[in-house]
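one predicted model, sequence on top.
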Amino acid sequence: FNKEFEPIKKSNADAVFKNKNHADVNWFSVNYNIGTWIDFGKHFGVDNSIYFAQTFCNSTNDQEVILNIGTSGSIKIWINDKLIYSEEEERNNDMDTYKIPAKLYAGSNRILLQIGASDIARANFMLRKKKKKGNIIPGLTYERYKNDYNKKYDYKGELIPSKTEAELRKKIKENPKSLVYHILLSKKLLANDYSKEAREVIDDAIKIGPDCSYLLFQKMLVYIKDQNRTALSEALESMRKIDPTNVLSLNMDYDEAKNAENFTKCSEIISKLENKIGMTEDVYEKKISMAAIEKRIDDLLELNKAALKTYPDNYNFVELQFRLEKEYHKNPSGAIKVLQTFIKKNYHVTAMENLAQCYFESGSSGFSKGMDILNKLATDQPNRAPSYNTLAGVYFAIKNFDAAEKCYQKCLEVAPFISSYNADLGLCYEQMSGRTDDAKKYYRMAIMFNPNDYETRANLRKLDGEKDVWDIFEVPETYTLFDKEYKKSDYPEDNSV
């Protein structure tokens, strides 16, 4: 977190850096819609890393602004090479969690962010610049690269505390016995991943209402956020004692009975849940699960049909119905209809990919329909490399290598340092006449980004006219060696050597 990495000092487009695997990496451009979180996970195939993002903001005059930032990860922010804010704690928080007074100078201003993720799985951010009163700043323009930006920054601003948090703390002070304000404050703190502070607020509330199961549930949310399984397990046991008919308690009883294969008890608990909360999605799923375990196929079919009618936007029920039509009823047209009905009202990547696969399986008549779906997914989500990769795989399979090449290049525009995309492009070039040198280039790139990609190493050695690495070693005749070294008569008392 505190290391001075090269991207902090070098903003130019042709700058080359070494990543954690000592591979060459560089700045590259991505396109996002306004108001979208910038997700590093879409562009890098690594975790436990430090990521950088920069832009150059052109201002018509010197002006004070507020930087509103939300992140997953630790964060550092520079303006014109001056560090203006730093937070080492890695948090999964909401938009505008950090409000930082800053200054833009007339001309070009370099804004650089460092996001770090080691303890958490995600790394992303959203940065919005506003005036002090929250108004949009007119006249700002942006460039991806600029060498002659302002090098001065002499403004100092302190992090603006949350007004909502301050108001709720004030209310708690005025109404110390009110659980409502404690709960609201803990929710606010937890939303921004201040789990320690949220836990302290809930602990104070539990002193007021020690037998309140809802407060205990709020504390469980803190433990889930902290990934504290031991404390969560203890809290769940406390919940069962305090409120044995609580939905959480009943769900725990259900899980225990299911693990013990006591399916009679499972059914009894499901009935209790149904009486308490009705036929929710979870109750349907439990009933369907029991029907599957007990091989009550007719009941399963009827339950999922009813579940899908009640909850048509739940993809779990949609996918089960799709599988039943396709694999149980052997009705591919029915399976297609299930997905078509769902997709009319829901944008769902997995459903669309499954529908495309169904069209491909239906023969040449469905091929264009399948390709239309995959092309739509790629067009709709230009920063999602797997959509282009799926398209490329289809083109590769039908030996349309020119189209496959374009799709693999799209993958590399979004995620240039992911080894598998470079390897796939190399394999594509290997199939194309006169592109052997290009194949070698991308195979080497793939190996640079992932030195453990032995399949690509083998492909490269083959193109270079070298033996497979395992062919270099002599393969011994094990039994011949054994017969030369050992004789049964030498070990008359032993069963084996």
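It's in.

from residue 387, how far off is residue 375?
Using CB to CB, to the nearest Å, we find residue 375 at a distance of 9 Å from residue 387. Glycine gets a C-beta too; all of them are placed from N, C-alpha and C.

these two: which is more packed in?
residue 387 (25 against 15; other CB atoms under 10 Å).

list the contacts for that one?
349, 374, 377-378, 381 (CB atoms under 8 Å, 6 or more residues apart in numbering).

generate a PyMOL selection restricted to the buried entries among the residues you listed.
Applying 16 or more other CB atoms under 10 Å to the contacts of residue 387, the buried members can be selected in PyMOL as follows:
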select buried, resi 374+377+378+381
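
stretch 489-497: end-to-end distance?
12 Å (CA to CA, to the nearest Å).

so who does residue 80 touch?
If a contact means CB under 8 Å, 6+ apart, then residue 80 has 105, 109-110, 149-153 as its contacts.

top of those by number of neighbours, please.
Neighbour-wise, the contacts of residue 80 (other CB under 10 Å) top out at residue 109, 23 neighbours.

and the contacts of the strand or helix carrying that one?
According to DSSP states H and E, residue 109 maps onto strand 107-117. Residues outside strand 107-117 that contact it (CB under 8 Å, 6+ apart): 1, 5, 7-8, 11, 40, 47-59, 71-81, 90, 123-125, 127, 143, 146, 148-150.

just after that strand, pick out the following helix or strand.
Sequence-wise, the next helix or strand downstream of strand 107-117 (DSSP H and E) is strand 124-130.

returning to what we had before: the strand holding residue 109 to strand 124-130, inter-axis angle?
150 degrees (axes from the mean of the first three to the mean of the last three CA atoms, to 10 degrees).

so which elements touch the strand or helix carrying residue 169?
Following DSSP H and E, the helix or strand that holds residue 169 is helix 163-174. Applying 3 or more CB pairs under 8 Å, 6 or more residues apart in numbering; DSSP states H and E, one finds that helix 163-174 contacts helix 179-191.

what residues does the helix or strand following the helix it packs on touch?
The helix or strand immediately downstream of helix 179-191 is helix 195-208, counting by DSSP H and E. With contact meaning CB under 8 Å, 6+ apart, helix 195-208 is reached by 172, 177, 179, 182-183, 185-187, 189-190, 212, 215-216, 218-219, 222, 225-226.

any quick ChimeraX command for the buried ones out of those residues?
To isolate the buried subset of these in ChimeraX, counting by 16+ other CB under 10 Å, use the following:
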select :172,179,182,183,185,186,189,190,212,215,216,218,219,222,225
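
just the helices from the stretch 1-150 of the chain, written as ranges.
Shown for the stretch 1-150 of the chain, the helices assigned by DSSP state H, counting those that start in this stretch span residues 6-9.

and what of the stretch 201-350 of the chain?
Using DSSP H, counting those that start in this stretch, helices in the stretch 201-350 of the chain cover 213-226, 229-242, 247-259, 263-277, 281-293, 297-310, 315-323, 332-345, 349-361.

in JSON lines: these, plus mean pLDDT and distance to residue 450.
Output for those, formatted as JSON lines (pLDDT from 0 to 100; distance: least, CB to CB, whole Å):
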{"stretch": "helix 213-226", "mean pLDDT": "90", "distance to residue 450": "33"}
{"stretch": "helix 229-242", "mean pLDDT": "89", "distance to residue 450": "32"}
{"stretch": "helix 247-259", "mean pLDDT": "92", "distance to residue 450": "39"}
{"stretch": "helix 263-277", "mean pLDDT": "96", "distance to residue 450": "45"}
{"stretch": "helix 281-293", "mean pLDDT": "97", "distance to residue 450": "39"}
{"stretch": "helix 297-310", "mean pLDDT": "96", "distance to residue 450": "42"}
{"stretch": "helix 315-323", "mean pLDDT": "97", "distance to residue 450": "33"}
{"stretch": "helix 332-345", "mean pLDDT": "96", "distance to residue 450": "35"}
{"stretch": "helix 349-361", "mean pLDDT": "95", "distance to residue 450": "25"}
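
in JSON lines: those helices, plus distance to residue 157.
Shown next, in JSON lines, are the helices of the stretch 201-350 of the chain (distance: least, CB to CB, whole Å):
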{"stretch": "helix 213-226", "distance to residue 157": "29"}
{"stretch": "helix 229-242", "distance to residue 157": "38"}
{"stretch": "helix 247-259", "distance to residue 157": "44"}
{"stretch": "helix 263-277", "distance to residue 157": "49"}
{"stretch": "helix 281-293", "distance to residue 157": "47"}
{"stretch": "helix 297-310", "distance to residue 157": "53"}
{"stretch": "helix 315-323", "distance to residue 157": "46"}
{"stretch": "helix 332-345", "distance to residue 157": "46"}
{"stretch": "helix 349-361", "distance to residue 157": "41"}
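
ok, which of those helices comes nearest residue 407?
helix 349-361 (14.3 Å; CB to CB).

so what touches the helix or strand following that closest one?
Using DSSP H and E, the next helix or strand after helix 349-361 towards the C-terminus is helix 364-380. With contacts defined as CB under 8 Å, 6+ apart, helix 364-380 is touched by 347, 349, 352-353, 355-360, 384, 387-388, 390-391, 394, 407, 410.

stretch 27-37 now?
Counting contacts by CB under 8 Å, 6+ apart, the residues touching stretch 27-37 from outside are 7, 11-13, 15, 38, 43, 54, 70, 124-126, 144-145, 382-383, 413-414, 416.

and if you look at stretch 254-264?
With CB under 8 Å, 6+ apart as the criterion, stretch 254-264 contacts 265-266, 269-270, 273, 286, 290, 293-294.

report the separation between the two terminal residues of that stretch.
End to end - CA to CA - stretch 254-264 spans 10 Å.

buried stuff in that stretch?
254, 257-258.

count the neighbours of the nearest residue to residue 45 once chain neighbours are set aside for me.
Spatially, and ignoring its direct neighbours in sequence, residue 45 is nearest to residue 418 (4.1 Å; CB to CB, 6 or more residues apart in numbering). Neighbour count for residue 418, taken as other CB under 10 Å: 21.
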